[in-house]
Every structure is written in C-alpha cells, then in structure tokens.
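Chemist: Output the structure for:
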Amino acid sequence: MIQAPVGFHCPVCLKQAQRARPVQRTRYGARTGSDRPMVTYAAIALCAVVYLLQLAAVYLPSPLGQAPDVTGLFAYAPVYTAAWYPDPEPWRMLTSAVLHSPSSAIHILFNMMALWFIGRVVEPAVGGLRFAALLVLSALGGSVAVMYLSDPWVHTVGASGAVFGLFGALFILLRSSGAQTGGLVALVAVNMVIGFMPGLNISWQGHLGGLLTGLLCAGIIAYAPRGRLRGLWQACGLAGVGVLLLAAAWAGSGLVSPYESILL
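Modeler: Here you go, the predicted structure:
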C-alpha cells in the first residue's frame, strides 16, 4: 500500500488511475510536465565541442602532425553540391550549421545565446522532436538559400540559419496564441539589415532561408488540425518541408557549371 495524505492507496489501483488520466499537452501537442529543453542543450554542446576542435586545428598542432581541419572538411559552399563536382558532398549543407568562424568568438557566442534564449521558450511549447526537426530543417533551408543566392565558391559556416528559423517559429507561435510580436519583428528586422552591411561577411542568404523555413515549419505545427491525428498531420507536414528542401537542393546542384567556375 502507498501512503497518501488521507489513508492508503492500492498500488495497482493507483497505476490504473494514472493510465486512465488524460495526458496534459500544450497548445501545440507537446507533453507538459518537463520544461528542460534537452535538444537546446544538446545543440549548444555540439556546437561548443566542434568549435574547440576548430580552434585545435588552428592553434594546437598535435605531436603527430597538424590537427584535422574541421572547418575545411565540413564548411559549405554551393560548389560542393554542383552536378559536375567530382565527389559531391551534400552533407556539408547540414554540417556547416555546427561550425563557426574560429577567428571570431563573437560569432558562436551570439548564435548560442540566441539559441539558449529562444530554445528555452520554443522547445517546451512544441516538444523535443518537433523542435529538433525545426532546427534541422531551418539549417537546411538556410543552405538551400545560400545555394541559389550566393557566390558558389564562398564558404559559409554557423548556426545562424537555424537561429533565424527559431525567430520565425517564435513569431508564428506568438501570433497563434494572440501575444504581441512587435519587439520580435523589430529584432529580426535589425539583424537582417545588419546582414546586408558591407564588410561584415554575414550570410544574409542563410538568414533569409532559415527564417522562411522556420515560419513554414512553425505554421504547420501551430495550425495543424487538433485531435488525435494532430501529431500525424504535423509529422507529414514537416516531412513534406524536408522533401521540398531536398528537391530544391537536388535541382540547385546543376546551377554551377564547369564553364561558370572558370569565369569565377
């Protein structure tokens, strides 16, 4: 028997009552009761570890030779997915999102701070799996935009595409709940304008692609029909976004030709 504030409860009866109790969920289908944004923590930890590896390649040569150039191995430029490229490396479209400029600590600090503040709000609201899908798809969306709008030979690194995807997602979640969005819109607008300033080497293309992808994914999560099939609707919608991005990446792989590469 289990002691209760009043009397004792049968363990079997208590478990049956707990199973019969309806699961409490947020407005967007996530289970309530756990506010720890574990995916956010994991993403920040991954970026931090990779950044240390990047620094090691630059500043800490190993006794057996120079440490592997992590930045060169996993950074993204559209040329790596070109149809004529000898060995296409499309995974760079995602791996570049966990890299940051080794010469500027501000780059990773800004992205991780934004991920920390927004992730702690968005992840508990939508759930860990939806949040992970949002991050990955936003990062991929940023790389797709880079593919279509950037110089094919310019390398890009950083989680900015995923972070701007979270900005877009937070906007949709706030709008769907009737909250004010003016401050968020101003913040995003300022950061987008900064991306266009010459000399800063900021990939506004990645920001734009991540933002649009985040808006789309969050719209699917927030406005999926409620009911028992809501999770299925959300999963199918997010999977559809992934298919569209992969199709766009495949189509964009033929944008750069060997002749254009000679001119560049």
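
Chemist: mind listing the strands for the chain?
Modeler: Assigned by DSSP state E, the chain shows strands spanning 2-3, 8-9.

Chemist: Without its sequence neighbours, what residue ends up closest to Q234?
Modeler: Leaving aside its sequence neighbours, Q234 sits nearest to A224 (Cβ to Cβ, 6 or more residues apart in numbering; 4.7 Å). Backbone N, C-alpha and C define where each C-beta goes, glycine included.

Chemist: give me the number of residues near D87?
Modeler: 5 (other Cβ atoms under 10 Å).

Chemist: what's the pLDDT at it?
Modeler: pLDDT for D87: 86.

Chemist: The one residue sitting closest to the centre of the chain and G209, how far apart?
Modeler: By Cα atoms, centre = their mean, the chain has its centre lying nearest to L135, at 2.1 Å. To G209, L135 is 14 Å away according to Cβ to Cβ, to the nearest Å.

Chemist: Now for G210: which residues touch it?
Modeler: S138, A139, G141, G142, A145, S160, G161, A162, V163, F164, G165, G168 (Cβ atoms under 8 Å, 6 or more residues apart in numbering).

Chemist: and the two most separated of the residues you listed?
Modeler: The largest separation in the contacts of G210, counting by Cβ to Cβ, is between A145 and V163 at 14.2 Å.

Chemist: of those two, who's got more company?
Modeler: Under the neighbour definition other Cβ under 10 Å, A145 and V163 were set side by side, and V163 has more, 28 against 25.

Chemist: Quick check: closest non-adjacent residue to the more buried one.
Modeler: Using Cβ to Cβ, 6+ apart and skipping residues adjacent in sequence, the residue nearest V163 is A114, 4.7 Å away.

Chemist: what do you get for S138?
Modeler: G165 (2.3 Å).

Chemist: Report the contact partners of that neighbour.
Modeler: Counting by Cβ under 8 Å, 6+ apart, G165 touches L134, L135, L137, S138, A139, G141, G142, G210, L211, T213, G214, C217.

Chemist: if we can go back for a sec, spit out the contact partners of the residue nearest to the centre of the chain.
Modeler: Neighbouring residues of L135 by Cβ under 8 Å, 6+ apart: V39, A43, A162, G165, L166.

Chemist: Next: T95.
Modeler: Contacts of T95 by Cβ under 8 Å, 6+ apart are F74, Y76.

Chemist: Tell me the spacing between the residue nearest to L140 when sequence neighbours are not counted and V70.
Modeler: Once flanking residues are discounted, L140 sits nearest to L245: 5.0 Å by Cβ to Cβ, 6+ apart. Distance, L245 to V70, using Cβ to Cβ: 25 Å.

Chemist: export the contacts of G165 to a markdown table and tack on pLDDT?
Modeler: A markdown table is the format used below for the contacts of G165 (pLDDT from 0 to 100):
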| residue | pLDDT |
| --- | --- |
| L134 | 97 |
| L135 | 97 |
| L137 | 98 |
| S138 | 98 |
| A139 | 97 |
| G141 | 97 |
| G142 | 97 |
| G210 | 97 |
| L211 | 97 |
| T213 | 98 |
| G214 | 97 |
| C217 | 97 |
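
Chemist: and of these, the nearest to V193?
Modeler: Nearest to V193, judged by Cβ to Cβ, of these is L211 at 13.1 Å.

Chemist: thought that closest one was touching F164?
Modeler: Yes. L211 is in contact with F164 according to Cβ atoms under 8 Å; the separation is 4.3 Å.

Chemist: Please identify which of those two sits among more neighbours.
Modeler: F164 (31 against 27).

Chemist: need the contact list for the more buried one.
Modeler: Residues near F164 by Cβ under 8 Å, 6+ apart: S138, G142, V188, N191, G206, H207, L208, G210, L211, G214.
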